[in-house]
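1. the sequence and its predicted three-dimensional model are supplied below.
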Amino acid sequence: MEDLGFRVTEDIKDEEGTTYAAWVARKSTVHDTALTGGDGPRMHHVAFSTHEKHNILYICDKMGALRISDRIERGPGRHGVSNAFYLYILDPDGHRVEIYTQDYYTGDPDNPTVTWDVHDNQRRDWWGNPVVPSWYTEASLVLDLDGNPREVVKRTDKSELEATIGADGFSYTRKGDTTEGFKLGNQL
């Protein structure tokens, strides 16, 4: 991806340096695409940005009024990675769709890569809300050039799901139960 002009803006790693996910961009926002580990090839979700948080809350209200709130998979919430306000819904075919807003500017070429510990529960949800297991196990099939579903290959190397399920009580907010302080500057 870097050979195509993308740069890594944020990633998730463990203490041994294993990369579990990377957010890469060509424009001046946090990401144009994110690369994550898991069985694949599969597509985790497509995303659409909106201008303000109230647009996301309106979608939640509308889905509630239409009695389709069971199609809300996650959120609303705020990601640690990207700092975006988000909502994940399932479309009528079961594909995951993210609606998000307010990620941050990364146009400065000196902007460092922000690295998150795979055990830090705030990486997925800044407020520490649980991550549903389907987040790690379900995704849409990818088609080959003839329109046939590609075979899904089971991941054999380290998995983020095995390391932690995120904001689930098995990871930390304050590593070692001490105050880590705010993420500022190169740590956001």
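-> Perfect, I can see it now.

2. which phi and psi does Lys62 have?
-> With angles defined as degrees, to the nearest 10, Lys62 sits at phi -60, psi -40.

3. now the helices for the protein?
-> Applying DSSP state H to the chain gives helices spanning 53-65, 134-137, 160-163.

4. relative to Arg96, which of these is closest?
-> Set against Arg96 and scored by C-beta to C-beta, those come closest in helix 134-137, at 8.7 Å. Every residue, glycine included, has its C-beta placed from N, CA and C.

5. how about that closest one as PDB, C-alpha atoms only?
-> C-alpha atoms of helix 134-137 as PDB (Å, rounded to 0.1, in the frame of the first residue of the first chain):
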ATOM      1  CA  SER A 134     -19.600 -10.400  15.500                       C
ATOM      2  CA  TRP A 135     -17.200  -7.500  15.000                       C
ATOM      3  CA  TYR A 136     -14.400 -10.000  14.900                       C
ATOM      4  CA  THR A 137     -16.100 -13.000  13.300                       C
END
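
6. average pLDDT for stretch 34-53?
-> Confidence over stretch 34-53 (mean pLDDT, whole number) is 90.

7. noted, bye for now.
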